[in-house]
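next input, structure requested:
(one chain, ligands or ions: 1)
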Amino acid sequence: MTSPLQDLLDSNRVWSAAMRTQDPRFFERLAQQQSPKYLWIGCSDSRVPATQIVDLPPGEIFVQRNVANVVSHTDLNCLSAIQFAVDILKVEHIIVVGHYGCGGVQAVLDERRLGLVDNWLRHVGDVAQKHSPLLASIDLMDLRHARLCELNAIEQVLNVCHTTMVMDAWERGQKLSVHAWCYSLANGHINDLGMHIDTRAALAPAYEQALQRLTRMPRLPHD
Ligand code: CO
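The predicted structure follows:
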């Protein structure tokens, strides 16, 4: 019987065979255990696939994706992913990855109604409101959009750091850093937003520094 998704299934077999050719024990090894060092919290956008854009194979990144890479304190899905990654997998890095050209962020700026998702995007709306003086000072619409994508990643890092899982990990001396990135669809480059937090004490100064850094960047990173 042919599946309506036969093209995908065929590609899967070709990919699997190619992986085995490269490394005959690849699947055998992975099937036994995953031990990723990274938790990726990114946007659901199909153009921002976690392992592919940092050129890592399966098994290297634990992934949580949702519309506009939001970390909400009441989202059981995201909190569970963080808890599992930190407590069980003992990842060493959590990376919040925003991306320029994010449709969710754009919808917030345009105050466009999309449906149920507007309620989710209200979290990004809160970020926009928090930083309204900075955003209002930017005339160029593209740059304002880019800045909100960056601010959103930075604010979500703050939310990650404030979870009980991350606070407890630092408290017991577990090695764990939280980072903010923003990926460009225009050239495939990741812009490191300069936020690398590995202790509770480092959080506030790193946040302030990242914001300062943004206000000094008058251009789009991919221009
Ligand atoms: Co997006």
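
what pairs with the spatially closest residue to residue 45 that is not a sequence neighbour across the strands?
Spatial nearest neighbour of residue 45, excluding adjacent residues (Cβ to Cβ, 6 or more residues apart in numbering): residue 99 at 6.2 Å. Quick note: C-beta positions are derived from backbone N, CA and C, even for glycine. Counting by DSSP bridges, residue 99 forms beta bridges with residue 183.

any chance you could map the helices in the protein?
6-22, 26-32, 50-53, 76-83, 103-110, 117-130, 132-136, 141-161, 164-171, 200-215 (DSSP state H).

what does the protein put close to the ion?
Within reach of the ion by Cβ under 5 Å from the ion, the chain has these residues: 43, 45, 102.

reformat those residues as JSON lines; add pLDDT.
Output for the residues of the chain next to the ion, formatted as JSON lines (pLDDT from 0 to 100):
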{"residue": "43", "pLDDT": "98"}
{"residue": "45", "pLDDT": "98"}
{"residue": "102", "pLDDT": "98"}
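
what residue ranges in the chain score low on pLDDT?
For the chain, the stretches with pLDDT under 70 are 218-223.

domain ranges for it?
When the chain is parsed into structural domains using automatic domain parsing, the resulting residue ranges are 1-32, 34-215.

just name the most buried of these.
Here the criterion is mean neighbour count by mean count of other Cβ atoms under 10 Å, and of these the winner is domain 34-215, at a mean of 18.
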